[in-house]
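Let's see this in three dimensions:
(2 chains)
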Amino acid sequence: MENSKLTRVVAMVLSVLMVAGLFMSVGAAKAPLMTTAAKEDETSIANEALEILGDAKWAEYKEKFGSQPNYAGDDIVINAADAIKLPENAKVLSELDGKTNVLYLPSEGGATWTVTVPETGLYAMDFIYYAISELDGVKISKAADIERTLRIDGEVPYTEVRNLLMTKTWVDKLDESQIEYDAATGNIVKINYEKDGADNERRPSKVEAPVWTEYTVCDPTGYYNGEFFFYLEAGEHTITLEAQKEPMALESITLRARESLVTYKEYLAMHRDMGHTRAPQDTVIRLEAEYYTATSSSTIYGQNDSSSSITSPQHASYSLINDVGGRNGSYNWSSVGQWIEWTVNIPSGKAGFYTINSRFLASALEGLFVSRRLYIDGEIPFEEANNLEFLYSDGWQGAAFTDGTNEFEFYLSEGTHTFKLEVNYGNLGGLIAEIRDCVTAINAIYIKILQISGTDPDPYMDYSYYKRIPTEIAEMRVLSKRLYAVSEQITEISGGKSSSATATIENVARVLETMAADSERKIAKNFSALKSYIGNLGTWLNDVGQQALILDYFLIQPTGNELPKGEGNFFQNAWFELQKFAYSFIRDNSSFGSVSEGEGITKIDVWTTVSREYAQIIRSIVDESFGREYPNISINLKLVTAGTLLPATLSGVGPDVMMDVTSSDCINYAVRGAVLNLTGYEGFDEVQTYFHDSAWVPVTVALDDPSGEVAVYGVPEKQSFSVMFYRKDIFASLGLQVPNTWDEFNAIMPILVSQNYLVGMPHDTTITNMFIYQNGGSLYTNNGTTISFDQDVTLDAFTQLCSFFTTYRFPLTYDAANRFRSGEMPVFIGDYITYFNQFTIFAPELKGLWGFTTVPGTVQDDGSVNKSVVAAINTIVIMMDAADRGTDQAGFNFIKWWMGATVQGQYANELVALLGPAGKYATANMDAFYDMSWTASELAEIQNQFDNLQAVPEMPGSYIIARNVEFAFLNVYNNDYVPSEALQDYTSTINAEFQRKRDELKRKFYVPSNTK
Amino acid sequence: MSEKATAAAKNAKKPVARKEMTMWQWTWKEMKRNYVAYLMCAPYYLIFTTFTILPVLLSLFFSFTIFNMIEAPQFIFLDNYMRLFLDDDIFIEAVANTLIFAVMTGPVSYLLSLFTAWFINELPPKIRAVVTLIFYAPSLSTGMTFIWKVIFDGDSYGYANSILMRLDLIQEPIQFFKNEAYVMPLCIVVALWTSLGVSFLSFIGGLQTVPKDQFEAAAVDGIKNRWQELWYVTLPNMKQQMLFGAVMAITQSFNFGTIVNDLAGFPSVNYAAHTIMHHLQDYGGQRFEVGYSSAIATVLFIMMVGSNMLVNKVLNKVGQ
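Next comes the predicted model:
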């Protein structure tokens, strides 16, 4: 029995150990998620970052000048055409949509006006603008909001006016015959949308419908309600509008007395005094939310909800357009400033007080609510209408418009009214602003500590924080108190419940409190905890930034009537699900195509491997416009998993056109005769002009002989390349310039390293190739039959790469996003679109504090700088089977249409709508690429790098290169080999593999003689 | 009974002796007689043939050809095998690695499963259920290996690196999965960790089915300690489970490809943890050389069958 006891003890110990291991694994799994969003950032010189950091905030400005007297005189109107300074290409238009003598301002440059104000005081400001989309018959606008920076006397008075946001107006392109009106009231009762081949409703395309709009300067970030004011002393001032995005036309700028809104109580009293009463009880006007009249963005449109049985209209099988708004995680009607407008007719004799009730789904912000601002006939009716609240629930709800306290009644007179709901932060706005400020301040402190003690401070070392950063330590105490206060307020707003939000905030507050209380011992100890908590808080801020709300319909009726029902009852739901189930036997929803059969119609199969959301967008674009252009081709779009292509081709059931094929796969298929050479097809010459020359290099080969026939096996689809990202604030604080050449790059390394900063650089073939091509070398020699690892240029390039890792010990493995955000890694080289997307949403608190630019270049003998980077592409190919089926030209027509600038531009915009600012898409079509909503300076940097693109030809057997370069690199890094020798060792291995492939394959591919 | 009776009656009508028929005739006759049994087996055999036997035969065929999945195969007889054994250094390395893997993880994980099962079996039933789940959990999902990736991450924030750096044992992060010195041992450790899988469960099941009276009888017969009890009573009673476990362990030990891929990437640094599975994947997947990778598969197949036979023999010695 002794033995058995012993075994038990051993078993217990073992199991305890394993349990501990399991918990560790669970803990590790909770790595912070990087999701969510923010707005566009701007790029410019590092000094501007300091300027932005030094900007006053509106809250401070208000505090400072709020007690000054209000201007009370007449409006001071400045005619836009009287500008004293105009940007290039700006001009005065004699007539524009009913207004004469207005000023056109392009999407770049600033315009300045002078104004003399009669007395010192506070002024509000209005613009009358027009979102001009065409000039002299040429389309000049992109699908983005207008953004301007306002300067008064050359200065930005407070940071919020750096990005004034003026929205555009978009309408659905519908034929009047599609709309059915109620005979009695004149309200829309039904819209007969176009249908696709499978009888699903097709959403109408959107067009810009600009109108002259009055814009009152107010908070574009959505934190503060009400108009902004400016403190102006009597005398002459200049007003400057600097373009950030999009052209606009301007009629006038008005400085005027401040106005304030009435309260709801006053509003009711006012109307009662006028003798207004409640509307007749039986007046119930029902309006489907998807029958809106205008939206602020091309990407807010009616959608289908098939989750609830009573969303109207609903069908168990066909997809009907039955709601509008943004689903959780989508960016439609979720970001501040976006609006939707509806029109309602009040029949004669029915004027009076109405409530507006809606059936809505607000499942985005758990435990909180989403906010909207209400305009009726273009005006906010009363103060509280700024803060409409839609409470959280994971199901549909029906409720009247409310601010959480009152259910509002609005007086609506006879006739037509518009009402508009605009995304804002409502009651949470001030709190979010406060948190955001705190996060910025904490980040600054974090970087200070980082500079003293590095990324991983030793808790037992004496860093003398209290001597070196006494003010920061005091600030920590203050910040901690501020955060606790915010957390308390949020608890109060959400009805006394603590939530994940408050927990996140309090974590940061607690750590700061601890650090401040015992700086010497606790700072080092809690440093990494602080970092991860700030990260969580930033993520939460982003989540709150997305105020997603979906609306089904409105009931406009006097109070006391039945509210919209939230969810269907048991029988409705059961019947609906049963129908769905039954239909699933009849209807095929797996293929995405709108296939139509018939005489003279060529049917082609197109396969893609993107995610379902992407495929749906592709389908909707195909549905919307491909058929119009090519009525005789029918597209059957199929979503497949990667790896399906090979077996499908083998068994002869492959597609005609395959999308998303990597360039190496493209060549691998080509050399085995599975994809078509595209050079002979009608329209190929035109397609060739869509892309940068470098995009063609990987898919272009010479057949049989280096100077033989040139074949092209794919059309570029996506093109990605590296740029250099840097933190402007850190560069500015260290007094460093952003390096333009590798010599300059090397020169700043000691400074960065001595301050505990890290530098990020990949060690793979893209960077090796970059150095090779910057030095005028090439990866292959002898027209692609041998590798250049025995050439000096290549060996020097590899040595240069290795030197960064051996001399400065650049980290080999790192999470660029996290380290860049925290400031540990103020500069790194990485793929432009991946990281651009990531930072825009991941680090909103850094807006304006980071930028990207071309990679450093190599100085050439003639003194010029070669800034080449090597681009990678994805391609679309036509499979050999298509030639047998006779669908190859149709397939090529599809590719030509799909990769055209218009369609690619539309695709890119739809993706941004779906995924938010993080949805930027690396289309290879240059025109479409430039047409995406970049700021002018971002575009300049990207264009600059685009001009310096190179590409490596793709040869059969090229898979052997990357792995051997990696081995050589690791031999240098781990085992201290000499770089040139380490690389040279693999020359024969690689060449042997090339030779073997050449022997094995019937088709012989060479790099064409005229390319490297 | 009645069915048998009628069948017998039918036979009686046609009294044909076994001797009077050829072998095929007789087989056919027997098959007709037992057609119900064949009908019952048919679905399984159809599937088994289509998806197991046919692919093995096809792969055997392709191993004598050059085949790239797109163009028609080209017969080259033994060239693939000659190149494999005589002109492919990496294959030889892969064989060595595979054997190291198999020897380290096969028997070790087998014994580990057995002894852990034995220990756990001593626990009270409720605790035993929980502990069994904990031990079994790692093998439930292959993705679980990512925890080791986090622990041994090459980033200075990886757990192991972070701790070592904090203790000032190292100055900069070790690239655990990118350094030949660490890759293989770490992969073996992780493989052992995930290997307490099905065989372990079957051992626990087996241990619980050992009749209690045999222990009592053995005690009377003079068993001195728990070891003797294990060897003479428990194990012989568990032969079925042990054979099953052994087959599983062997198959697994030759199949550790995915774990290495997850941890060290593909291919592992300087082919340090390159096994036959990887070599097969390399040629079949990346290089479009299905013929050559079929040859590799055949070699692997023979190795597995061979070691299974060996294990069978060893297991027969248990309890003797």
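
from here on, contacts and neighbour counts on C-alpha atoms
OK.

Please tell me how far residue A:880 sits from residue A:607.
Look at residue A:880 and residue A:607: by CA to CA, to the nearest Å, they are 14 Å apart.

Check residue A:726 too.
39 Å.

Kindly report the same for residue B:313.
Residue B:313 is 53 Å from residue A:607, by CA to CA.

which one of the two has more residues nearby?
residue A:607 (25 against 11; other CA atoms under 10 Å in any protein chain shown).

Go ahead and confirm that one touches residue A:637.
Yes - if you go by CA atoms under 8 Å, residue A:607 and residue A:637 touch, sitting 5.8 Å apart.

which parts of whatever helix or strand residue A:255 lives in are buried?
If you go by DSSP states H and E, residue A:255 is part of strand A:248-256. Neighbour counts over strand A:248-256 (16 or more other CA atoms under 10 Å in any protein chain shown) mark A:248-256 as buried.

Counting neighbours, what do you get for the closest residue to chain B within the stretch 501-650 of chain A?
Minimum separation of the stretch 501-650 of chain A from chain B (CA to the nearest CA) falls at residue A:650, amounting to 5.5 Å. Counted with other CA under 10 Å, residues neighbouring residue A:650 total 15.

residues contacting it?
By CA atoms under 8 Å, 6 or more residues apart in numbering or on different chains, the contact list for residue A:650 reads B:69-70.

again, but for residue A:606
Applying CA under 8 Å, 6+ apart, the residues contacting residue A:606 are A:635-638, A:655-659.

hmm, try it at 6 Å
By CA atoms under 6 Å, 6 or more residues apart in numbering or on different chains, the contact list for residue A:606 reads A:636-637, A:655, A:657-658.

Take the residues you listed and write them to CSV, including distance to residue A:764 and neighbour count.
Output for the contacts of residue A:606, formatted as CSV (distance: CA to CA, whole Å; neighbours: other CA atoms under 10 Å in any protein chain shown):
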residue, distance to residue A:764, neighbour count
A:636, 39, 20
A:637, 35, 25
A:655, 34, 23
A:657, 31, 26
A:658, 28, 24
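
Dihedrals phi and psi, the residue of the stretch 51-200 of chain B found nearest chain A?
Nearest residue of the stretch 51-200 of chain B to chain A: residue B:155, at 4.8 Å (CA to the nearest CA). Main-chain torsions, residue B:155, degrees, to the nearest 10: phi -70, psi 150.

Next: residue B:58.
phi -60, psi -40.

Count the neighbours of it for me.
11.

Also residue A:447?
With neighbours defined by other CA under 10 Å, the count for residue A:447 comes to 16.

where's it relative to chain B, distance?
For residue A:447, the distance to chain B (CA to the nearest CA, to the nearest Å) stands at 18 Å.

Just the helices from the stretch 651-800 of chain A, written as ranges.
A:663-671, A:684-688, A:693-696, A:728-733, A:742-754, A:765-774, A:792-807 (DSSP state H, counting those that start in this stretch).

and chain B, which of the ones you listed is closest to it?
Chain B sits nearest to helix A:663-671 of all the helices of the stretch 651-800 of chain A, at 8.2 Å, using CA to the nearest CA.

about what we covered before: need the helices of the stretch 651-800 of chain A in a markdown table (columns: distance to residue A:981 and mean neighbour count).
As requested, the helices of the stretch 651-800 of chain A are exported to a markdown table (distance: least, CA to CA, whole Å; neighbours: other CA atoms under 10 Å in any protein chain shown):
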| stretch | distance to residue A:981 | mean neighbour count |
| --- | --- | --- |
| helix A:663-671 | 28 | 23 |
| helix A:684-688 | 41 | 14 |
| helix A:693-696 | 31 | 21 |
| helix A:728-733 | 37 | 21 |
| helix A:742-754 | 23 | 14 |
| helix A:765-774 | 15 | 24 |
| helix A:792-807 | 8 | 19 |
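
Enumerate every residue touching residue A:709.
Residue A:709 neighbours (CA under 6 Å, 6+ apart): A:702-703.

Tell me how far it lies from residue A:702.
Distance from residue A:709 to residue A:702, counting by CA to CA: 6 Å.

Residue A:636 now?
Separation of residue A:636 from residue A:702 (CA to CA): 33 Å.

and stretch A:969-983, which residues are buried?
Residues A:969-973, A:979-980, A:982-983 are the ones in stretch A:969-983 that count as buried (16+ other CA under 10 Å).

right, and out of those, which lies closest to chain B?
Distances from chain B to the buried residues of stretch A:969-983, taken by CA to the nearest CA, are shortest for residue A:970, at 7.1 Å.

Quick check: the gap between the closest one and residue A:983.
Residue A:970 is 10 Å from residue A:983, by CA to CA.

buried residues in stretch A:933-944?
A:933-939, A:941-942.

Please state the offset of stretch A:209-218 from the chain centre?
25 Å (CA atoms, centre = their mean, to the nearest Å).

what's the answer for stretch B:283-295, then?
Using CA atoms, centre = their mean, the offset of stretch B:283-295 from its chain centre is 22 Å.

And stretch A:576-592, by the same measure?
34 Å.

again, but for stretch A:398-411
Worked out by CA atoms, centre = their mean, stretch A:398-411 lies 33 Å from the chain centre.

Leaving out sequence neighbours, find the closest residue to whichever residue of chain A sits closest to chain B.
Taking CA to the nearest CA, chain B has its nearest neighbour within chain A at residue A:813, 4.8 Å off. Nearest non-adjacent residue to residue A:813, counting by CA to CA, 6 or more residues apart in numbering or on different chains: residue B:155, 4.8 Å away.

Which residue ranges make up the domains of chain A?
Taking automatic domain parsing as the reference, chain A has its domains at A:46-169+A:210-256, A:264-425+A:547-573, A:430-545, A:602-717+A:873-926, A:720-872+A:950-1002.
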